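Chemist: Got a predicted model here, sequence first, then my questions.
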Protein chains: 2
Amino acid sequence: MFEFLEKKLKENIHISREEFEFAKTMFIPKKLRKKRFLLQDGDPCIYTTFVEKGLLRSFRVDDKGNEHILQFGMQGWWVADLYSFLTGEPSEYNIEALEDSELLLITKSSWDQLLNEVPAFERYFRVLIQNNLIATQRRLMGTMTTTAEERYNSLIRDFPDITQRVPQHMIASYIGVTRETLSRLRSQLAAGS
Amino acid sequence: MFEFLEKKLKENIHISREEFEFAKTMFIPKKLRKKRFLLQDGDPCIYTTFVEKGLLRSFRVDDKGNEHILQFGMQGWWVADLYSFLTGEPSEYNIEALEDSELLLITKSSWDQLLNEVPAFERYFRVLIQNNLIATQRRLMGTMTTTAEERYNSLIRDFPDITQRVPQHMIASYIGVTRETLSRLRSQLAAGS
DNA sequence: CGCCGAGTTGAACTGAATCAAGAAACGTGG
DNA sequence: CCACGTTTCTTGATTCAGTTCAACTCGGCG
């Protein structure tokens, strides 16, 4: 249940066996079946989640009822609504399993304790958040500088298997277009190649 | 020269006088006159910069020659192209002073040393980057869910003095529209109120 | 004085959204 | 294992927000 977390930690930081054993006690293992929710908007996001296995999505629903995906969370990724997690305010996001998933949950107070008692975790999360910030800045500039087609292409370049694992309308709501537009885009791409 | 940095640090973390004195030796003070560049695309971003006084912008120029502003850096903010700073790769961003500015620069190796020797700095930057990530995620979702008008309104709500300090075409390239569109937007707003 | 960057306004154009309808794929219960 | 309803995907017609191109104004500054 902790294999992938251990792998990811060891890739990034150096921690002792005792520290890892201590860390393990801070997490709550949870299995979440496909289509079940880990967080629903209106509720506070009380956990940060590590994906041991499976696939999550975090998304917002706007006033017109359209979904907008902030993040897909695959194996080895962390998923949460950071703002709600840190402040305790109600979240505007939903987190849903797109596949049967095995998760490791950690509460804010356990997380704080972990960062205080094991400085290597402070570093681990700093680097993690740093990389996430870089990726999010890229995606933001992408929405301003590139067309929907280029954004689609770079998504499948970065995550080739995503087309097999998530329905197209969700890919559309990740790159920021309607499903109709993505459908037309794809038929043009298919014709052109 | 270090007043504002000291203030910001003390707001967020607890460090001893010795630690702060040590930190001060790691920074390179620099004055940068309006319209001068701190970073030009193609060069690696070798510094992370704290703005003691003045105003910076970081922006990209796309293939059509249009500018897209990633960030305004006002007093108390940090500015860099994180990716280039961390990897040493050439940057795709420019950083320019919009007002005569007083800056504190720190190189990657000094920064690494600071984080290693003073754990409170590791925490400080983790929190800083975390807040930046939350803000960037908000802005990203904003580009997908809101109109140019709403984005303009929330910008001036968050930074009321920005309209006095930066020309309108730069505000346009921050919210992601052309200057013409912003101009029309504003005349509608003025008429409606 | 003349020039240049900044801002405004108008007209034509365009990429994507919206509205609408149908086809294909999927899974759930009988 | 099939039947039926739901979800997903596609295709077409129309609309719309924002871009592009172009011309003109205004204010500062060498």
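Modeler: Cool, the structure landed.

Chemist: For chain B, what is the nearest residue in chain A?
Modeler: residue A:126 (3.9 Å; Cβ to the nearest Cβ). Backbone N, C-alpha and C define where each C-beta goes, glycine included.

Chemist: In this structure that residue contacts residue B:127, no?
Modeler: No - the pair residue A:126 and residue B:127 does not pass the contact test of Cβ atoms under 8 Å, sitting 9.1 Å apart.

Chemist: between the two, which one's more packed in?
Modeler: It is residue A:126, of residue A:126 and residue B:127, that has more neighbours when counted by other Cβ atoms under 10 Å in any protein chain shown, with 21 against 15.

Chemist: Return the set of buried residues in whichever strand or helix holds that one.
Modeler: Using DSSP states H and E, residue A:126 falls within helix A:119-145. Neighbour counts using 16 or more other Cβ atoms under 10 Å in any protein chain shown place A:120-126, A:128-130, A:132-134, A:136-137, A:139-145 of helix A:119-145 among the buried residues.

Chemist: can you tell me if the lowest-mean-pLDDT helix or strand in chain A touches DNA strand C.
Modeler: Using mean pLDDT, DSSP states H and E, helix A:179-192 stands out as the lowest-scoring helix or strand of chain A, at a mean of 86. Yes - counting by Cβ under 7 Å from any atom of the strand, DNA strand C has neighbours in helix A:179-192: A:180-181.

Chemist: packing partners for that helix?
Modeler: Under the contact criterion of 3 or more Cβ pairs under 8 Å, 6 or more residues apart in numbering or on different chains; DSSP states H and E, helix A:179-192 touches helix A:148-158, helix A:168-175.

Chemist: Is there proximity between the shortest one and DNA strand C?
Modeler: No - taking Cβ under 7 Å from any atom of the strand as the criterion, helix A:168-175 and DNA strand C are apart, separated by no less than 7.7 Å.

Chemist: Give me the packing partners of that helix, helices and strands only.
Modeler: Using 3+ Cβ pairs under 8 Å, 6+ apart, helix A:168-175 sits against strand A:67-73, helix A:148-158, helix A:179-192.

Chemist: do that again at 10 Å, thanks
Modeler: strand A:56-61, strand A:67-73, helix A:119-145, helix A:148-158, helix A:162-165, helix A:179-192, helix B:119-145 (3 or more Cβ pairs under 10 Å, 6 or more residues apart in numbering or on different chains; DSSP states H and E).

Chemist: Return the set of residues that bridge with the residue nearest to the spatial centre of chain A.
Modeler: Note on chain A: the residue nearest the mean C-alpha position is residue A:73, at 3.3 Å, using Cα atoms, centre = their mean. Beta bridges link residue A:73 to residue A:56, judged by DSSP bridges.

Chemist: Can I get the strand or helix carrying residue A:83 in PDB? Just the C-alpha atoms.
Modeler: Assigned by DSSP H and E, residue A:83 belongs to helix A:82-87. Taking C-alpha atoms only, helix A:82-87 is exported to PDB below (Å, rounded to 0.1, in the frame of the first residue of the first chain):
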ATOM      1  CA  LEU A  82      -4.600  23.500  -1.600                       C
ATOM      2  CA  TYR A  83      -6.400  26.700  -0.600                       C
ATOM      3  CA  SER A  84      -9.200  24.900   1.200                       C
ATOM      4  CA  PHE A  85      -6.800  22.400   2.800                       C
ATOM      5  CA  LEU A  86      -4.600  25.200   4.200                       C
ATOM      6  CA  THR A  87      -7.400  27.500   5.400                       C
END
